[in-house]
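A.B. asks: Predicted model, plus sequence, below.
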Amino acid sequence: MSSIDTRSAEQTSLEDPITVAVSLGVPIVRIEIVKFLRSQPATISQIASAVGRTRYGMQSHLDILERLGAITHVTQKVRGSFRPARLYRVNPSGVEALAWCLFDALADDIREPPHEQL
């Protein structure tokens, strides 16, 4: 019996974490938000501009990332605005916990299948 290589071209892309995350269903915009906030805190308008989305399309993504603990916000006066604004920032320990949670979800109960005896 010949052995057949069942790996697909997509399986070789494990070197690119963003491709893997998107393949697992993580919206790319959420990855872009976290990556942008690693460099600086920002308002929702600044985040939207940086990731090429509308301000109104951002709120649901920010809410989810905040519920997951990946980002936090403070409300404070921002230069150029008459009223306080939410200033979002990345929460490094929250991002790490989220990554471990994803790992646990994928690796939970994975065991090597029993070897067949010939």
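C.D. replies: Yep, it's here.

A.B. asks: Tell me the spacing between residue 38 and residue 89.
C.D. replies: To residue 89, residue 38 is 9 Å away according to CB to CB, to the nearest Å. C-beta coordinates here come from the backbone N, C-alpha and C atoms, glycine included.

A.B. asks: Sticking with the most centrally placed residue in the chain, tell me its helix or strand.
C.D. replies: Residue closest to the average C-alpha location in the chain (CA atoms, centre = their mean): residue 31, at 4.0 Å. Using DSSP states H and E, residue 31 sits in helix 28-39.

A.B. asks: on contacts alone, who are the packing partners of the next helix or strand after that helix?
C.D. replies: With elements assigned by DSSP H and E, the helix or strand that comes after helix 28-39 is helix 44-51. For helix 44-51, the packing partners by 3 or more CB pairs under 8 Å, 6 or more residues apart in numbering; DSSP states H and E come out as helix 28-39, helix 55-67, strand 84-90.

A.B. asks: Tell me which of these sits nearest to residue 106.
C.D. replies: Checking these against residue 106 by CB to CB gives helix 28-39 as the closest, at 17.0 Å.

A.B. asks: Give me the contact list for the closest one.
C.D. replies: Helix 28-39 is contacted by residues 18, 21-22, 42, 47, 50-51, 53, 58, 61-62, 64-65, 70-71, 88-90, 95 when judged by CB atoms under 8 Å, 6 or more residues apart in numbering.

A.B. asks: Nice, that's everything, thank you.
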